[in-house]
Structure formats: C-alpha cells, structure tokens
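Visitor: pasting the sequence and the predicted model now:
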Amino acid sequence: MAKKRIRIDMEDSDGARYDIKLEGNVTRNKVLKIFEMMDLMNIEEEHEVTNMDSVGSKIWHIVDRFFPTGKFTSTNILEKYEDEYNEPVKLSVISTYLSRFSSKGRVNRARTGREWTYQVIKIAQKQQ
C-alpha cells in the first residue's frame, strides 16, 4: 500500500512560520485535528481584502464561505449567491468562473453525471 504524506506550511499574523508533516496512515480525522490545533493557536488563512464589486470575487467568497471542504455544483453556488447578494446572476456566468478557478488550481473539477462537481483545493496530498 502506498504511504500517504501531507505537508502543511503556515504563517501567522506575527510572521512566525509553521511546517507540519503527516506521514503514514493519514485520515480525515487526523487532518481535522491539525485544523483544530491551528484554531487554538489562532492561525487563520490569509483574509485578503478583496474587491467585492466583481462577480468573480463574490463567487469565490460564496465558495470559500459555504463550501470550504465539501463538494458543490454551479447550481449550489447560484442559490447561495442570490441569497447572499440579493441580485440575479446567470448560471453560465457562475460555470465560467468555476471553470477559471479550476484552471488556476483553486478547485478540483470532476464530471458527475450531467454536471460538474467542484471541491476547493486546500491541502496538497502526495502519495509515495
């Protein structure tokens, strides 16, 4: 069986750097414990000041806020977008942005039946 290895590099707001490596039998539960530890240490992802005027930044905000770990479709994003911003947007616009996010390596994209499903790429996982 191939050995799994996950490496997480972080930097806190004070500039301290953290390098965490998990090797062997890496499970979802173990990764979640690492995130709990990060929360206890007050290490958070960088929250960039984004220009929420663009449709793309609004779509990414929805993806990052409501679907940080699970799978989602463009229809899921459409529903959340309209609820969050109270403005209409075409499904084709959302699909285009999600395709761009996939090209840039921000989300994984997989064909499921007649539609695409997406999942945010948070942790680089490598098998040896």
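Guide: Happy to help now that I have it.
Visitor: in this structure, which spans are helices?
Guide: 28-40, 55-66, 74-85, 91-103 (DSSP state H).
Visitor: domain map for this structure?
Guide: The domain map for the chain lists 4-40, 55-120, with the assignment taken from automatic domain parsing.
Visitor: distance of Y118 relative to L32?
Guide: The gap separating Y118 from L32 is 21 Å, by C-beta to C-beta, to the nearest Å. Yep, even glycine has a C-beta here, placed from its N, CA and C like the rest.
Visitor: of the two, who's got more company?
Guide: Counted by other C-beta atoms under 10 Å, Y118 and L32 do not tie: Y118 has more neighbours, with 23 against 11.
Visitor: now that one, nearest residue through space, not along the chain?
Guide: Leaving aside its sequence neighbours, Y118 sits nearest to V107 (C-beta to C-beta, 6 or more residues apart in numbering; 4.6 Å).
Visitor: now for that neighbour: which residues touch it?
Guide: For V107, the contacting residues are V63, L98, F101, Y118, Q119, V120, I121, by C-beta atoms under 8 Å, 6 or more residues apart in numbering.
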